[in-house]
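Student: Show me the folded form of this:
(2 chains)
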Protein chains: 2
Amino acid sequence: MAEPDSPLSVPVPCYVTGLAQDGPDFTICALVRSQDKYDRLLASFYRNGFDALNSEFLVADNRDDNRFDGHSWQEPLLARAKGRFVIFCHDDIELLDQGHSALISALERLELDAPDWLLAGVAGGRYRPRKNNRVYLRMHISDPWGENRQMGEMPGRVETLDECFILMRRSRPVLPSLDLSGFHFYGPDLCLQAELQGGSAWAIDFHLRHHGRGTKDASFADCRDRFIAKYARIFPGRSVHCTTGIVTFPAEDPPDQA
Amino acid sequence: MAEPDSPLSVPVPCYVTGLAQDGPDFTICALVRSQDKYDRLLASFYRNGFDALNSEFLVADNRDDNRFDGHSWQEPLLARAKGRFVIFCHDDIELLDQGHSALISALERLELDAPDWLLAGVAGGRYRPRKNNRVYLRMHISDPWGENRQMGEMPGRVETLDECFILMRRSRPVLPSLDLSGFHFYGPDLCLQAELQGGSAWAIDFHLRHHGRGTKDASFADCRDRFIAKYARIFPGRSVHCTTGIVTFPAEDPPDQA
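Tutor: Prediction:
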């Protein structure tokens, strides 16, 4: 370690001419309450080509206590992440037969088709659907409601994403709203933030299993109300389709801008 | 390096319980066209306590070519940054007598007063001023228009920041809109993005010299028009005070949300 005033304390700037890609391909971040579920997740990723050479695995540790909520767990993990892409997922997902190479291929296609993409997930609500659209969701997933469920065209632009699996570039992260909290609606919040940033969110075909039923506990209605109150000021009159149901932001008189 | 299928390829997850602070205090990022100006900047930071032990210096290298514009230079530098705080500044600033310890003190105060802060700068427009406010800007700066110019209370919340010096937390970055470009209005854009994220932007008292006059070249009007077009949809009827002048987002009929 250099002493102050030694030659080693003199700053040597690094001149950057482009985007560096020196970390692993993926940082896989999971919000973990159950060790058993997470062990199942980890084994399924390893079985499908995500290993210590191309990936790093970070855990927001809620095993013994609710240290983090849905809006607060991304920041400390992102601060440690080194991967080119960062995945935020729940502990109750399990990869099936698609793995590292399928995900890289889907993302390379997305980079070409939609250079403004900021978020990708496996299930979400179609972007600004028309009233005559018959399918409002896009997904390819196996979960307690069915095996191999497929809805809507994939890849396709979405305005909400299910929180079970959401992926972003580390160099261009999208973080949840600071004025929202709780365990619900942070996926839709991320997508609307991406849209406000001038980017887009996409559902991609990356089939996995979500063991959870997405519990609508007592806090669900409260999270929903605060989500609506926030975005009604920004998108008055708009309806968004979440995997948990439709949400409408009431059209009101514009707030006083004085 | 481990071979696939060797024990070293088995992922070992890292369990995270809080925010890590293992990098230097600051990553100082500069958009550099002139080596002479940057050398002056670098010497002034070193003279004021920013050294290779507590800071790293990254350059978006526009010395021989306009590789980056005002909206595109942050992402590749942020991807390499390791500091707790990241400063984005122009190459034509120079520190005077406030340095590392003054900046740390100002930020520690900000953390206490406004835990939702996302951006800090040295000059900007007062947040949602009332019509009877006589001072619309907040600043403490020396520049071609005067020595030691002081306007408004500091620290104070702002809705725009001058691009000469903008600072954020690495763990919670705010990046410019993907649907805007050019060398102007990315400071105000960052502040409005921070506000949409549920956070706030602040002018802090950190006196420095800005040698530049902030040239309003031919592209200024074009950048201004696109900035207005974007935010008129989100904040119809609002006026924001930039260090380059006032900007009003016209109030219009809300766009078709079908």
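
Student: From now on I want contacts and neighbour counts done on CA atoms only, so please keep to that.
Tutor: Will do.

Student: For B:Arg63, see how far away A:Leu95 is.
Tutor: Look at A:Leu95 and B:Arg63: by CA to CA, to the nearest Å, they are 47 Å apart.

Student: When the two are compared, which one has more neighbours?
Tutor: More crowded of A:Leu95 and B:Arg63, by other CA atoms under 10 Å in any protein chain shown: A:Leu95, with 20 against 14.

Student: ok, now how distant is that one from chain B?
Tutor: 15 Å (CA to the nearest CA, to the nearest Å).

Student: per-residue confidence at A:Ala258?
Tutor: Per-residue confidence for A:Ala258 comes out at a pLDDT of 43.

Student: roughly how far is stretch A:150-167 from the heart of the chain?
Tutor: How far stretch A:150-167 lies from its chain's middle: 10 Å, per CA atoms, centre = their mean, to the nearest Å.

Student: I meant stretch A:65-85, not that one.
Tutor: The mean C-alpha position of stretch A:65-85 is separated from the chain mean by 11 Å, CA atoms, centre = their mean.

Student: Tell me the buried residues in it?
Tutor: Applying a neighbour-count criterion of 16 or more other CA atoms under 10 Å in any protein chain shown, one finds A:68-85 buried in stretch A:65-85.

Student: Can you narrow those residues down to the ones near chain B?
Tutor: With CA under 8 Å from any CA of the partner chain as the criterion, the buried residues of stretch A:65-85 include A:Glu75, A:Pro76, A:Leu77, A:Leu78, A:Ala79, A:Arg80 near chain B.

Student: Surely the second one forms part of a helix?
Tutor: Spelled out, it's A:Pro76. Yes - using DSSP: H, G, I helix; E, B strand; the rest coil, the assignment for A:Pro76 is a helix.

Student: confidence score at the residue nearest to A:Glu252 when sequence neighbours are not counted?
Tutor: Counting by CA to CA, 6 or more residues apart in numbering or on different chains, A:Glu252 lies nearest to A:Pro236, which is 6.5 Å off, once chain neighbours are set aside. pLDDT recorded at A:Pro236 is 95.

Student: With A:Pro7 instead?
Tutor: We have a pLDDT of 69 for A:Pro7.

Student: same thing with A:His207?
Tutor: What the model reports for A:His207 is a pLDDT of 98.

Student: That one and A:Ile141 touch, don't they?
Tutor: Yes - when contacts are counted by CA atoms under 8 Å, A:His207 is listed as touching A:Ile141 (5.3 Å).

Student: any common contacting residues for those two?
Tutor: Counting by CA atoms under 8 Å, 6 or more residues apart in numbering or on different chains, the residues touching both A:His207 and A:Ile141 are A:Val122, A:Asn148.

Student: Look at the residue nearest the centre of chain A and give its secondary structure.
Tutor: For chain A, A:Ile166 is the residue whose C-alpha lies nearest the centre (CA atoms, centre = their mean; 2.5 Å). Put simply, A:Ile166 is strand when judged by three-state DSSP.

Student: Can you tell me how far the residue nearest to A:Asn148 when sequence neighbours are not counted is from A:Gln150?
Tutor: Counting by CA to CA, 6+ apart, A:Asn148 lies nearest to A:Ser142, which is 4.8 Å off, once chain neighbours are set aside. For A:Ser142, the distance to A:Gln150 (CA to CA) stands at 9 Å.

Student: How about A:Arg138?
Tutor: Counting by CA to CA, the gap from A:Arg138 to A:Gln150 is 7 Å.

Student: and A:Asp225, how far is that from A:Pro188?
Tutor: 13 Å.

Student: What of A:Tyr38?
Tutor: To A:Pro188, A:Tyr38 is 24 Å away according to CA to CA.

Student: which residues of the stretch 151-258 of chain A fall in helices?
Tutor: A:186-196, A:219-232 (DSSP state H, counting those that start in this stretch).

Student: picking up where we left off before, give me the subset of the buried residues of stretch A:65-85 that lies in strands.
Tutor: In strands, judged by DSSP state E, the following of the buried residues of stretch A:65-85 are found: A:Phe85.

Student: give me the low-pLDDT residue ranges for the stretch 1-150 of chain A?
Tutor: Within the stretch 1-150 of chain A, the segments meeting pLDDT under 70 span A:1-7.

Student: give me that answer again for 90
Tutor: Filtered on pLDDT under 90, the stretch 1-150 of chain A yields the residue ranges A:1-12, A:17-22, A:65-66, A:69-71, A:130-135.

Student: Around chain B, pick out the residues from it.
Tutor: Counting by CA under 8 Å from any CA, the stretch 1-150 of chain A sits next to chain B at A:2, A:4, A:8-20, A:42, A:46, A:51-53, A:55-61, A:67, A:75-80, A:116, A:128-131.

Student: So what's the residue count around A:Asp222?
Tutor: Per other CA under 10 Å, the neighbour tally for A:Asp222 reads 14.

Student: What pLDDT is listed against it?
Tutor: Predicted confidence (pLDDT) for A:Asp222: 92.

Student: In the helix or strand A:Leu110 falls within, which residues are buried?
Tutor: Counting by DSSP states H and E, the element that carries A:Leu110 is helix A:100-113. By 16+ other CA under 10 Å, the buried positions in helix A:100-113 come out as A:His100, A:Ala102, A:Leu107, A:Leu110.

Student: That helix: what's the following helix or strand?
Tutor: Past helix A:100-113, heading to the C-terminal end, the next element that is a helix or strand (DSSP H and E) is strand A:117-121.

Student: After that next one, heading C-terminal, what element do we hit next?
Tutor: In N-to-C order, the element after strand A:117-121 by DSSP H and E is strand A:123-126.

Student: so what strands line up beside that following strand?
Tutor: Sheet pairing of strand A:123-126 (DSSP bridges) gives strand A:137-143 (antiparallel), strand A:156-161 (antiparallel).

Student: Need the winner for burial among the helices of the stretch 151-258 of chain A.
Tutor: helix A:186-196 (a mean of 24; mean count of other CA atoms under 10 Å in any protein chain shown).

Student: and it, what does it pack onto?
Tutor: With contacts taken as 3 or more CA pairs under 8 Å, 6 or more residues apart in numbering or on different chains; DSSP states H and E, helix A:186-196 sits against strand A:117-121, strand A:156-161, strand A:200-203, helix B:186-196.

Student: now these as JSON lines including distance to B:Val174?
Tutor: Formatted as JSON lines, those follow (distance: least, CA to CA, whole Å):
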{"stretch": "strand A:117-121", "distance to B:Val174": "14"}
{"stretch": "strand A:156-161", "distance to B:Val174": "21"}
{"stretch": "strand A:200-203", "distance to B:Val174": "16"}
{"stretch": "helix B:186-196", "distance to B:Val174": "6"}
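
Student: among these, which is nearest A:Ser181?
Tutor: A:Ser181 lies closest to helix B:186-196 among these, at 14.9 Å (CA to CA).

Student: got a list of contacts for stretch A:136-145?
Tutor: Under CA under 8 Å, 6+ apart, the answer for stretch A:136-145 is A:122-126, A:129, A:147-154, A:156, A:158, A:203-213, A:241-243.

Student: thinking again about what came up before, please report the distance of the residue nearest to A:Asn148 from A:Leu95.
Tutor: For A:Ser142, the distance to A:Leu95 (CA to CA) stands at 10 Å.

Student: Find residues that contact each of the two.
Tutor: Both A:Ser142 and A:Leu95 are contacted by A:His207, A:Leu208, A:Arg209, under the criterion CA under 8 Å, 6+ apart.

Student: which one among these gets closest to chain B?
Tutor: Distance to chain B across these (CA to the nearest CA) is lowest for A:Leu208, with 19.6 Å.
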